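>>> Turn this into a structure:
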Amino acid sequence: MADWSVQYFGKQAITGVEIVKNKTPDLREAVIQACKDIRKSKSDHINMKLSMNQEALVGLPEEGGAPLYQPVGKIVYILSYADQSFVKKSHMFSFVSSDEDSTTGDSWSTYTCYMFKCKNDSDIKNIEFAAQHTMMQFKGRGRPVMSINEMNDVSEIDSAVAWWNACKIERYQLNVNSKTKVVTGVLKFQCNTDADQTISKIVRITSDICGAELVQLLADKFNLTDINHIEWAVFVIKKTGEPGILDEEENPIVNALQWKDPSEGEFMLKKLPKGLQRVAPEAVVKSSVQPSSHSVRALGPVLPYSPEQEDLLLSVMIKRQSGSSLGFKLTPSYLLQMCIAYCVVHQTDRDTRRLVNKISESIVKMIDDNLTEAEILLFWTCNTLKLIKCFGLQQDLYDIYCETARSELEGGVELALKSLLMFKEDPSTLPAPLSKEKWSTVPELRQVITNYCDGLEASMTKENLQDVVDRITAAMPTPQRTPRPKNASRDLGGAPPKLQLDDDPNTSTLVDGEDGNEELESPLPAERPGIDPLPEEWEELVDQETKHRFFANHITRQTSWTDPRDKLITVTLSKGSTGLGLGISGAKRTWDDRLILGIFVSSLVPNSAAAMEGTLREGDEILEVNGHSLIGVSREGAIDFLKQVKGGDSVVLLVSQEPETWTNPANEKAALRHTAL
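Numbers count the residues shown, from 1 in each chain. Okay, the predicted model is just below:
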């Protein structure tokens, strides 16, 4: 596949144009004006390698950065011309495309113009010819004339999928299994809840799921745990306004491949009008309400946690990890495996399915949000492969994985691998484990990363594992224990068992107290001993976007990121040859056994700038650095920010500090316990 060296000048929305479907528009004047506007914006020019394949025009930045991927089916106009306004004649290439989620030729359609500068007249002619030829191939292929369920030859299904992929960015592309003829990919789904709120999510599905199984999958994706599935159905929402509902045997992918344009609609999980039901009760998945009866030993140690803290726990383990500060690079996957093991033993299959679904969504989003960060892509590819491997350790868990998260996690790995492949153009941008090996294709890259992951796993020792357990359990709140009858099954819930590591670092034994009965924890006090209670007009809440706690005054309508009983102080430090001497943590365990997120002082290096200044204490929360807020910033982000302070420069910290008065020193120690997650 030939490529050409170009300079990418930028893009500009085009308005006021009318495009008719299946007719070539004349947009020359609009494109010329858009290119002038792009030049006036004086945006950075990016050197790229431009190429064409049967599905897209692809621009790969020569110095790293996000690639340009334009589906050929969305391109509506191409223009090449000589621009005399430069110092010397320049050869320009532009194209206009309909935007993502926008159809072509409708009154609501939106369009964007992209501008490139080519090296010479020969290149511009070759690029224009390749683009025009590929567009003609796409139009000649046309959309599928029948449902893929009616296609007998896999080549016909391949052609239908190729038509779809030529109109979609990489994230929404479909894949065909040549043996099973099953199509896999992601589609955009909405959910209309009882609260009349509409939520959107990207869901990976297969072309063989429908009816009750489809509703169950989407209910899990949208965390709808208490609904009557027979009262819900999947609707087709077209941009033309025409509603529709999927039949019991109809699949979203099969339905979408028969649209006139891949961007003309979406799907919505919605409750049926009162009095209507979708299917008989027998069709609902029975295992979703049955207690789990799995053995946990094959899964290794369990990590007891409170169900109320599940979202916060996953945020700490996934959203706040990049791998840069972790000694053992598979820490997240081991921790997640321990949580899954605990859920398998102490909760229902539905709870396990929900947890696995949340984990897969969070990991795939982490990958999707970091497609230009090679180190993070490698880190999460390794941890995802390790996690996928753990699902195969226990048959019932493997079945849940296949139903709930297999296609999504495998798709996330595939996306990460394809993104890492683009860094091959500049070996200096590759992480060390990849730059040392020979590979050029996605399968070869996957094998290299698998070998690297196996090496990491082989280095795991009992001490490593115990350290992983200690670090997370020190930060997490202890679930409240309740009595359990002597003869009750452990699978029916109750208190989390103690963890005792065996000689094999990958296994554990669950043990009760010495007398055979589990101990009961005494209730926590209502307020911090020795500290004034929170005034009645104040309430502690959690911001759903940053997961950071905040306080609201119901009388004055005032809100604050800090506890009104704490004091705000400003600390000025000068960065010396040994740094600031400040250890920071991304989470803190409070006096009442709750985990709160933020940037906290976890240690002070003796004789350092922070220690000599004398104001800071372990447990203080750093709210700002030189006026820049750290609310919602991860630990790694805070570290990177502090590293930007040069030696000899001063840094001003805005800090929230708890009162020093405590009745019991033991409570002080508990309140200041941290984790370096």
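>>> From now on I want contacts and neighbour counts done on CA atoms only, so please keep to that.
Will do.
>>> Flag every buried residue along stretch 404-418.
Neighbour-count burial for stretch 404-418 flags 404-418 (criterion: 16 or more other Cα atoms under 10 Å).
>>> Show me the shaky parts of the stretch 151-300 of the chain.
194-196, 240-243, 273-300 (pLDDT under 70).
>>> Helices of that one, residue ranges please.
Remark: helices assigned in the stretch 151-300 of the chain by DSSP state H, counting those that start in this stretch are 154-165, 211-221, 252-256.
>>> can I get those helices in a markdown table with mean neighbour count?
A markdown table is the format used below for the helices of the stretch 151-300 of the chain (neighbours: other Cα atoms under 10 Å):
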| stretch | mean neighbour count |
| --- | --- |
| helix 154-165 | 20 |
| helix 211-221 | 21 |
| helix 252-256 | 19 |
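>>> Quick one: closest of the ones you listed to Trp561.
Closest to Trp561 of the helices of the stretch 151-300 of the chain is helix 211-221 (Cα to Cα; 31.1 Å).
>>> OK, contacts around Leu580?
Leu573, Ser574, Ser608, Ala609, Ala610 (Cα atoms under 8 Å, 6 or more residues apart in numbering).
>>> quick one: which of those residues is most hemmed in?
Ala610 (24 neighbours; other Cα atoms under 10 Å).
>>> right, and it touches Leu616 too?
Yes: counting by Cα atoms under 8 Å, Leu616 is a contact partner of Ala610 at 6.9 Å.
>>> picking that back up, looking at the helices of the stretch 151-300 of the chain, which is nearest to Pro307?
Here helix 211-221 is closest among the helices of the stretch 151-300 of the chain (Cα to Cα), at 16.0 Å.
>>> So which of the contacts of Leu580 is the closest to Ala458?
Ser608 (38.1 Å).
>>> Who are the contact partners of the closest one?
With Cα under 8 Å, 6+ apart, Ser608 has these contacts: Thr578, Gly579, Leu580, Gly581.
>>> mind putting those residues in JSON lines, pLDDT and distance to Tyr81 included?
Listed next are these as JSON lines, based on pLDDT from 0 to 100; distance: Cα to Cα, whole Å:
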{"residue": "Thr578", "pLDDT": "72", "distance to Tyr81": "58"}
{"residue": "Gly579", "pLDDT": "79", "distance to Tyr81": "56"}
{"residue": "Leu580", "pLDDT": "84", "distance to Tyr81": "57"}
{"residue": "Gly581", "pLDDT": "83", "distance to Tyr81": "59"}
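>>> Counting neighbours, which of those residues end up buried?
Gly579, Leu580, Gly581.
>>> Mind putting these into TSV with secondary structure?
Shown next, in TSV, are those (DSSP: H, G, I helix; E, B strand; the rest coil):
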residue	secondary structure
Gly579	strand
Leu580	coil
Gly581	coil
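>>> Put together TSV for the residues you listed, with distance to Thr112 on each row.
Listed next are those as TSV, based on distance: Cα to Cα, whole Å:
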residue	distance to Thr112
Gly579	48
Leu580	48
Gly581	50
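>>> mind checking the longest strand of this structure?
strand 3-14 (DSSP state E).
>>> and the helix or strand that that strand is followed by, what's its mean pLDDT?
Counting by DSSP states H and E, the next helix or strand C-terminal to strand 3-14 is helix 28-40. The pLDDT scores in helix 28-40 average 90.
>>> Of all the residues in helix 28-40, which ones are buried?
By neighbour count, and taking 16+ other Cα under 10 Å as the criterion, the buried residues in helix 28-40 are Ala30, Val31, Ile32, Ala34, Cys35, Ile38.
>>> can you redo those as JSON lines with distance to Glu621?
Output for these, formatted as JSON lines (distance: Cα to Cα, whole Å):
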{"residue": "Ala30", "distance to Glu621": "54"}
{"residue": "Val31", "distance to Glu621": "53"}
{"residue": "Ile32", "distance to Glu621": "54"}
{"residue": "Ala34", "distance to Glu621": "49"}
{"residue": "Cys35", "distance to Glu621": "49"}
{"residue": "Ile38", "distance to Glu621": "45"}
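>>> what's the closest of those residues to Ile148?
Nearest member of the buried residues of helix 28-40 to Ile148, counting by Cα to Cα, is Val31, at 38.6 Å.
>>> Spatially nearest residue to that closest one, not counting backbone neighbours?
Once flanking residues are discounted, Val31 sits nearest to Cys113: 6.7 Å by Cα to Cα, 6 or more residues apart in numbering.
>>> circling back: now tabulate the helices of the stretch 151-300 of the chain in a markdown table and tack on distance to Ser634.
Output for the helices of the stretch 151-300 of the chain, formatted as a markdown table (distance: least, Cα to Cα, whole Å):
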| stretch | distance to Ser634 |
| --- | --- |
| helix 154-165 | 36 |
| helix 211-221 | 26 |
| helix 252-256 | 37 |
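>>> quick one on the thing from earlier: I'd like to know which elements the longest strand of the chain is packed against.
With contacts taken as 3 or more Cα pairs under 8 Å, 6 or more residues apart in numbering; DSSP states H and E, strand 3-14 sits against helix 28-40, strand 46-52, strand 111-118.
>>> Residues in contact with the second one: which ones?
Think strand 46-52. Residues contacting strand 46-52 (Cα under 8 Å, 6+ apart): 1-9, 57-63, 130-131, 134.
>>> thinking again about what came up before, what sits up against the longest strand of the chain?
30-31, 34-35, 37-39, 43-52, 110-119, 123, 127.
>>> quick one: it to chain centroid distance?
Averaging C-alpha positions (Cα atoms, centre = their mean, to the nearest Å) puts strand 3-14 29 Å from its chain's average.
>>> do the same with stretch 562-570
For stretch 562-570, the distance to the chain centre is 33 Å (Cα atoms, centre = their mean).
>>> now do stretch 47-55
27 Å.
>>> Identify the spatial nearest neighbour of Gln216, chain neighbours not counted.
Sequence neighbours aside, His229 is the residue nearest to Gln216 in space, at 7.1 Å (criterion: Cα to Cα, 6+ apart).
>>> ignore the last one, Leu377
Sequence neighbours aside, Ala416 is the residue nearest to Leu377 in space, at 5.8 Å (criterion: Cα to Cα, 6+ apart).
>>> Regarding that neighbour, what is its secondary structure?
Per three-state DSSP, Ala416 ends up helix.
>>> Just the strands from the stretch 201-350 of the chain, written as ranges.
232-238, 243-245, 265-271 (DSSP state E, counting those that start in this stretch).
>>> Please tabulate the ones you listed in CSV, including the columns distance to Thr429.
What follows is these, written out as CSV (distance: least, Cα to Cα, whole Å):
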stretch, distance to Thr429
strand 232-238, 43
strand 243-245, 48
strand 265-271, 38
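>>> could I get those strands as JSON lines with mean neighbour count?
Listed next are the strands of the stretch 201-350 of the chain as JSON lines, based on neighbours: other Cα under 10 Å:
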{"stretch": "strand 232-238", "mean neighbour count": "21"}
{"stretch": "strand 243-245", "mean neighbour count": "13"}
{"stretch": "strand 265-271", "mean neighbour count": "21"}
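>>> contacting residues around Asp26?
Taking Cα under 8 Å, 6+ apart as the test, what Asp26 contacts is Tyr77.
>>> scratch that, Met422
Counting by Cα under 8 Å, 6+ apart, Met422 touches Leu60.
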